[in-house]
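K.L.:
Sequence first, then the predicted structure, then my questions.
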Amino acid sequence: SQELEQSPQSLIVQEGKNLTINCTSSKTLYGLYWYKQKYGEGLIFLMMLQKGGEEKSHEKITAKLDEKKQQSSLHITASQPSHAGIYLCGADILGPAGGADGLTFGKGTHLIIQP
Amino acid sequence: NAGVMQNPRHLVRRRGQEARLRCSPMKGHSHVYWYRQLPEEGLKFMVYLQKENIIDESGMPKERFSAEFPKEGPSILRIQQVVRGDSAAYFCASSPTGVDQPQHFGDGTRLSIL
């Protein structure tokens, strides 16, 4: 089973509308990272969350990590064509005792913005 | 300030040949990570290296795959005797330290096996 579940798998949103993407783990998330990937390109770092209840914003994108540190959401306000792409959540699910810092990723959410 | 540089961007190999993928981390970053992305499987961690040391290779296939990060020069991911199933996008990421720092990714190398 997938250790990080992202939902929805794909999302079509009309330009100007708000949207939310979720990332859920059955294990405690010691660090949660949101990335954006355009087709055929690399990952662009968006935000990092570490503390339960933490919330960060950058331009029109807000990400939260819940108190139990097992779920994160990414919210885009007033979506624009430039927001289109694949959104990936990556996490350290092993923590300080894990001994490694390779991230576990969800399968991604494909976001399409309709003009 | 250049980002993570990977080359080549595209690599085509025939079955049985060797593939060498290169990664130069961001300036000031001494930690390098390799990931593989397959269409239906998502991004999977392969190996984590610091200069001259492999820290964690738990995601590396046991055979044919190796990685190094020498004192001088880029990190290299080497795949010997490639097979069709090795076709994928391989991404390199780097961070300044291995703890609580975001990893910054390169644009990847798309490996195609004929």
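P.N.:
That came through fine. Residues are numbered from 1 along each chain as shown, chains lettered A, B, ... in the order given.
K.L.:
What residues does chain B have near chain A?
P.N.:
B:4, B:6, B:31, B:33, B:35, B:41-48, B:55-56, B:58-59, B:91, B:93, B:95, B:98-100, B:102-108, B:110 (Cβ under 8 Å from any Cβ of the partner chain). From N, CA and C alone the C-beta is placed, and that goes for glycine too.
K.L.:
Quick check: residues of chain A near chain B?
P.N.:
Counting by Cβ under 8 Å from any Cβ, the positions of chain A adjacent to chain B are A:31, A:33, A:35, A:40-45, A:48, A:50, A:88, A:90, A:99-108.
K.L.:
Weed out the non-buried ones from these.
P.N.:
A:31, A:33, A:35, A:42-43, A:48, A:88, A:90, A:100-108 (16 or more other Cβ atoms under 10 Å in any protein chain shown).
K.L.:
what's residue B:63 in contact with, if anything?
P.N.:
Residue B:63 makes no contacts at all, as judged by Cβ atoms under 8 Å, 6 or more residues apart in numbering or on different chains.
K.L.:
Show me what the closest residue to residue A:102 other than its chain neighbours bridges to in the sheet.
P.N.:
Nearest non-adjacent residue to residue A:102, counting by Cβ to Cβ, 6 or more residues apart in numbering or on different chains: residue B:45, 3.4 Å away. Residue B:45 has these beta-bridge partners by DSSP bridges: residue B:35.
K.L.:
Isn't residue B:45 up against residue B:35?
P.N.:
Yes. Judged on Cβ atoms under 8 Å, residue B:45 makes contact with residue B:35 at a distance of 5.6 Å.
K.L.:
Need the overlap of contacts for these two.
P.N.:
residue A:102.
K.L.:
which of those two has more neighbours?
P.N.:
residue B:35 (25 against 22; other Cβ atoms under 10 Å in any protein chain shown).
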